[in-house]
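# generate coordinates for the sequence data below:
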Amino acid sequence: MAYAVVSVIGHDRPGFVRELSALALAQALNIEDTRATGLGNEFAVLMGVTGEDAAIDALDAALADQAANSGMAYVLRRSQHNAERKVSRKVRASVLAMDHPGIVHSVSGFFADRNLNIDDMNTETRPAPHTGTPMFDLRMVVALGADSDAAQLAQAFRSFCAEQDLDGSMEVEA
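Take a look at the predicted model:
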């Protein structure tokens, strides 16, 4: 069974995900994992698909046709399943702060410096209630190494957030 990751960006409109999933279904591909979100006037979709090699080739061709006719952009990259990602222990980290450049860089650096992999990350900027101050909300799931001490990591993260003037928390996933 072959595996590929597909990234698609197109103008945000009703039915976009349905059209993409129809292209995969037409090739008898299974969509195993999906992340999708609207960003500005665009909609971005990440999908992990499995199926026969020829079916993935056919999806690539169908996406190329769709892109030529609709103005969407896509990347299809063959990959492999990552079994370690599914079984490793995880922590959920969150940060809330007044929005300013560099938050993603510094928080991702905290984990990179400890050789820890970010499995999932979502950020959003929204106005604070009453004042309208732009607030940055970051949420991520991080895979712990086999020898990682979650309590020690959480303490280091709290100290890091205090130094960076970020309201941060971390909890171990059950």
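# helix, strand or coil: sort out Met121 for me.
Here Met121 is recorded as strand under DSSP: H, G, I helix; E, B strand; the rest coil.
# and the next helix or strand past the lowest-mean-pLDDT helix or strand in the chain?
The helix or strand of the chain with the poorest confidence is helix 83-87; it has a mean of 58 (mean pLDDT, DSSP states H and E). Moving toward the C-terminus from helix 83-87, the next helix or strand (DSSP states H and E) is strand 90-98.
# so in that sheet, which strands flank that following strand, and in what orientation?
Strand 90-98 has the following strand partners under DSSP bridges: strand 134-143 (antiparallel), strand 167-172 (antiparallel).
# winner for burial among the ones you listed?
strand 134-143 (a mean of 18; mean count of other CB atoms under 10 Å). In this view, the C-beta of every residue, glycine as well, is placed from N, C-alpha and C.
# contacts for the very next helix or strand once past that strand?
Sequence-wise, the next helix or strand downstream of strand 134-143 (DSSP H and E) is helix 150-164. Residues from elsewhere that reach helix 150-164 (CB atoms under 8 Å, 6 or more residues apart in numbering): 89, 91, 93, 95, 97, 106, 110, 114, 116, 144, 166-172.
# and with 7 Å instead?
Residues from elsewhere that reach helix 150-164 (CB atoms under 7 Å, 6 or more residues apart in numbering): 91, 93, 95, 106, 110, 144, 167-168, 170, 172.
# got it, and stretch 62-70?
Contacts for stretch 62-70 (CB under 7 Å, 6+ apart): 10, 23, 72-74, 76.
# do stretch 118-128 as well
Residues contacting stretch 118-128 (CB under 7 Å, 6+ apart): 85, 90, 99, 104, 108, 111, 133-143.
# so, low pLDDT: which residues of this protein?
Along the chain, the model assigns pLDDT under 70 to residues 83-87, 174.
# stretch 27-46: how far from the chain's middle?
11 Å (CA atoms, centre = their mean, to the nearest Å).
# distance of Met170 relative to Asp119?
Using CB to CB, to the nearest Å, Met170 is found at 14 Å from Asp119.
# same question, Leu59
25 Å.
# so for the two, which sits in the more crowded spot?
With neighbours defined as other CB atoms under 10 Å, Leu59 and Asp119 compare such that Leu59 has more, 23 against 15.
# any idea which element that one lies in?
Going by DSSP H and E, Leu59 is part of helix 53-70.
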